[in-house]
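J.: give me a model of this one.
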Amino acid sequence: MDLTGHQVAHGPAGTPAAPPAGHRRRAARRDLAVRLGLMAVPLGFFGLFFAYPVAAIVARGLRPEGDWAWGRAAAVLADPHIVQVLWFTVWQAAASTALTLALALPGAYVFARLDFPGKRLLRAVVTVPFVLPTVVTGAAFLALVGRGGLLDGLWGIRLDTTVWAILLAHVFFNYAIVVRTVGGLWAQLDPRQEEAARVLGASRFTAWRRVTLPALTPSVAAAALMVFLFTFTSFGIIKILGGPRYATLEVEIYRQTAQLLDLQAAAVLTLVQFAAVAGMLGAHAWSVRRRESALKLVDAARTAHRPRGAAQRALLAGVLLSIALLLLLPLAVLVERSLSVSGGYGFAHYRALASTEGGTFVVAPWSAVYNSLSYAAVATLIAVTVGGLAAAALTRRAGRLVRGFDALLMLPLGTSAVTVGFGFLIALDEPPLDLRSSWILVPLAQALVGVPFVVRVMLPVLRAVDHRLREAAAMLGASPLRVWREVDLPLVRRALLVAAGFAFAVSLGEFGATVFIARADAPTLPVAVARLLGRPGELNYGQAMAMSTVLMLVCAVTLLALERLRPVRSQEF
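T.: Just a heads-up that it's a prediction; the model follows:
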């Protein structure tokens with residue numbers, strides 16, 4: 001008898017018989033219906049606020065008079081200036097990725113295997129640059145290596161408008177990706193496997209190369225692809241530090257759209273970038289599937305130990321020094337420049353944010369703080385709703401449909417934010433979606449960037465929930481909604497809070513699309529910083545540094561709170 005009093009069929013030796021084929025088909029149809037229902041809202045959101053605006057601006061550029069202008073596309077791609085932009089985009093992304101891996105992999109080992117005071121705090125601090133707006137990263141390095149910067153004042157060294165400033169800023173921004181992604185897996189690899197190889201006579205390096213490296217390779221490849229993706233589509237850093245000499249595809253799309261009003265060239269470059277990003281995401285999905293192969297994982301808390309011997313202490317000291325120089329020094333210089341006034345230090349630049357003196361804004365720059373917090377809160381609510389439904393739909397691995405859906409959710413991270421922002425203005429200007437003058441445009445654009453982070457945080461935790469708990473609740477008559485509320489939600493509540501925190505932080509820093517759609521009387525913090533940096537004068541520069549410091553502190557507080565909430569076994573973003 002089952003719990004409802006019905007007879008239960010048994011097979012040989014009293015084991016429960018397999019459900020009849022009809023039951024299995026009904027269960028499969030029910031599972032598919034639930035999955036499609038969960039996917040409906042994310043698909044509708046991405047279709048309406050991502051695919052439609054991007055398609056609208058591309059069509060506007062390539063079909064100006066109703067016919068496809070493929071000849072114009074060929075002319076754009078043959079332009080020597082565009083060829084140079086394409087080459088520099090690929091070259092600097094490859095160089096940035098190689099430099100980031102070289103500097104961050106030792107950090108990944110230190111955070112994974114060594115235990116030292118302040119480790120948890122330092123992990124959060126290392127992640128702060130990743131959630132900072134790229135314009136703030138550019139401002140920090142401008143204060144460090146630009147005209148009148150720290151290096152210029154001490155030794156007469158200027159690196160702004162050079163490729164080195166760009167590469168170092170990209171390392172600053174992407175260091176946390178390698179530490180979190182590679183270090184997260186490294187911390188859960190059983191060190192006894194490597195120790196067994198050494199007992200059998202292998203040297204330390206041979207044991208690492210034969211045992212640990214093959215297990216880490218998919219994770220390293222995934223981190224490298226993510227770094228390449230972010231540097232390939234770099235915008236704010238290049239715009240501030242590159243000057244007129246250097247431009248990536250994203251910067252060139254902005255120039256063709258906003259300055260030259262050449263939508264045809266912008267559309268062609270958007271398609272080129274979209275195709276490149278799609279290829280990278282396909283490679284990333286492949287590496288993720290390999291990373292999810294069977295490995296003997298253990299509790300990360302059991303693998304970390306105090307530094308042993310001079311070599312490990314020297315490695316720890318070297319990593320801490322590199323973090324201090326590459327990550328903490330630019331942030332410290334940013335704070336110092338925000339306080340620097342004629343004759344010493346003070347809060348004059350912060351007080352100036354409360355007035356409209358200078359004519360850069362029609363409202364006091366300080367209002368951008370309230371605007372950013374308000375927009376980010378709404379964007380977080382949207383991202384958690386859409387991303388949570390998407391993660392629930394992806395919980396059970398399936399075929400190409402689900403893998404394609406997963407890749408779709410990642411596309412906004414690699415698609416031109418400039419194209420998305422301008423596409424909002426082009427596409428969402430007619431009833432019933434006449435939103436050009438509505439404040440909701442900004443949170444919608446920010447949520448597009450937040451959803452992938454929600455999915456990436458929620459999905460591993462949801463997949464770790466024992467599916468038998470869901471099945472038992474369903475057998476007892478619980479609806480899918482009640483199963484989610486009673487089984488999944490209590491187990492993933494902390495991950496949900498972490499996902500919301502990351503969505504909030506990245507929404508605060510969104511710049512590429514917001515620069516097009518933020519109203520003049522309601523700028524966000526990144527837009528305000530970019531406007532201030534674009535105007536001459538000591539007061540404007542000081543206000544930009546002050547606003548960047550405020551945004552940095554908000555992101556740092558958010559990250560520190562997330563580090564306390566982060567699930568114990570969750571080592572990645």
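
J.: domains of the protein?
T.: 33-68+352-573, 82-302 (automatic domain parsing).

J.: how distant is stretch 213-226 from the center of its chain?
T.: Centroid separation for stretch 213-226 versus its chain: 17 Å, with C-alpha atoms, centre = their mean, to the nearest Å.

J.: what do you get for stretch 82-91?
T.: Distance of stretch 82-91 from the chain centroid (C-alpha atoms, centre = their mean) equals 23 Å.

J.: let me know the helix or strand that Gly71 is in.
T.: Assigned by DSSP states H and E, Gly71 belongs to helix 70-78.

J.: what's the answer for Ala520, then?
T.: Short version, using DSSP H and E: Ala520 is in no helix or strand.

J.: residue contacts, Ala165?
T.: Ala165 is in contact with Phe141, Val145, Gly146, Leu159, Leu241, counting by C-beta atoms under 8 Å, 6 or more residues apart in numbering. Yep, even glycine has a C-beta here, placed from its N, CA and C like the rest.

J.: please name the nearest non-neighbouring residue to the third one.
T.: Counting by C-beta to C-beta, 6 or more residues apart in numbering, the nearest residue to Gly146 once its immediate chain neighbours are dropped is Asp160, at 4.0 Å.

J.: pretty sure that neighbour sits in a helix.
T.: No - judged by DSSP: H, G, I helix; E, B strand; the rest coil, Asp160 forms no part of a helix; its state is coil.

J.: ends of stretch 123-138, how far apart?
T.: Terminal residues of stretch 123-138 lie 22 Å apart, using C-alpha to C-alpha, to the nearest Å.

J.: give me the average confidence score over it.
T.: Stretch 123-138 comes out with an average pLDDT of 82.

J.: try stretch 441-453
T.: On average, stretch 441-453 scores 89.

J.: show residues contacting it.
T.: With contact meaning C-beta under 8 Å, 6+ apart, stretch 441-453 is reached by 42, 45-46, 49-50, 375-376, 378-380, 382-383, 386-387, 390, 409-410, 412-413, 417, 420-421, 424, 428, 435, 499, 502-504, 506-507, 510, 513-514, 517-518, 522, 524, 573.

J.: list the buried ones in the helix holding Gly71?
T.: In terms of neighbour count (16 or more other C-beta atoms under 10 Å), helix 70-78 has its buried residues at Arg72, Ala73, Val76.

J.: can I get that helix in PDB, CA atoms only?
T.: Taking C-alpha atoms only, helix 70-78 is exported to PDB below (Å, rounded to 0.1, in the frame of the first residue of the first chain):
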ATOM      1  CA  TRP A  70      25.400  44.000 -47.700                       C
ATOM      2  CA  GLY A  71      27.700  46.100 -49.900                       C
ATOM      3  CA  ARG A  72      28.000  48.600 -47.200                       C
ATOM      4  CA  ALA A  73      28.900  45.800 -44.700                       C
ATOM      5  CA  ALA A  74      31.700  44.700 -47.000                       C
ATOM      6  CA  ALA A  75      33.000  48.200 -47.300                       C
ATOM      7  CA  VAL A  76      33.000  48.700 -43.500                       C
ATOM      8  CA  LEU A  77      34.900  45.500 -42.900                       C
ATOM      9  CA  ALA A  78      37.500  46.500 -45.600                       C
END
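
J.: pull the residues that contact that helix.
T.: Identification of contacts with helix 70-78 by C-beta under 8 Å, 6+ apart yields Leu62, Ile82, Val83, Gln264, Ala265, Val268, Leu269, Leu271, Val272.

J.: what about these, which one has the most neighbours?
T.: Leu269 (29 neighbours; other C-beta atoms under 10 Å).

J.: just say helix, strand or coil for that one.
T.: Under three-state DSSP, the three-state class of Leu269 is helix.

J.: Phe88 and Glu250 touch, don't they?
T.: No - applying C-beta atoms under 8 Å as the test, Phe88 and Glu250 come out as separate, 11.7 Å apart.

J.: neighbour count winner among those two?
T.: The residue with more neighbours, out of Phe88 and Glu250, is Glu250; 26 against 21, by other C-beta under 10 Å.

J.: give the burial count for Leu325, as a bare number.
T.: Using other C-beta under 10 Å, Leu325 is surrounded by 11 other residues.

J.: still on that earlier bit, of the contacts of stretch 441-453, which belong to helices?
T.: Residues of the contacts of stretch 441-453 located in helices (DSSP state H): 42, 45-46, 375-376, 378-380, 382-383, 386-387, 390, 409-410, 412-413, 417, 420-421, 424, 499, 502-504, 506-507, 514, 517.

J.: what's Leu508 in contact with, if anything?
T.: Per C-beta under 8 Å, 6+ apart, neighbours of Leu508: Val131, Pro133, Ser372, Leu373, Ala376, Thr524, Leu525, Pro526, Leu551, Val554, Cys555.

J.: actually Ala478, not the one I typed
T.: Ala478 neighbours (C-beta under 8 Å, 6+ apart): Glu486.

J.: please tell me how far it sits from Leu326.
T.: 51 Å (C-beta to C-beta, to the nearest Å).

J.: what about dumping the CA coordinates of stretch 410-427 to CSV?
T.: Taking Å, rounded to 0.1, in the frame of the first residue of the first chain, the C-alpha atoms of stretch 410-427 are listed here in CSV:
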residue,chain,number,x,y,z
MET,A,410,24.8,34.9,-20.9
LEU,A,411,24.6,36.9,-24.1
PRO,A,412,24.0,40.3,-22.5
LEU,A,413,27.4,40.1,-20.8
GLY,A,414,29.1,39.9,-24.2
THR,A,415,26.8,41.9,-26.5
SER,A,416,27.5,45.6,-27.0
ALA,A,417,25.9,47.5,-24.2
VAL,A,418,26.0,50.5,-26.4
THR,A,419,23.9,48.7,-29.0
VAL,A,420,21.4,47.6,-26.3
GLY,A,421,21.1,51.2,-24.9
PHE,A,422,20.7,52.8,-28.3
GLY,A,423,18.3,50.0,-29.3
PHE,A,424,16.1,50.9,-26.4
LEU,A,425,15.7,54.4,-27.8
ILE,A,426,15.1,53.1,-31.3
ALA,A,427,12.7,50.2,-30.5
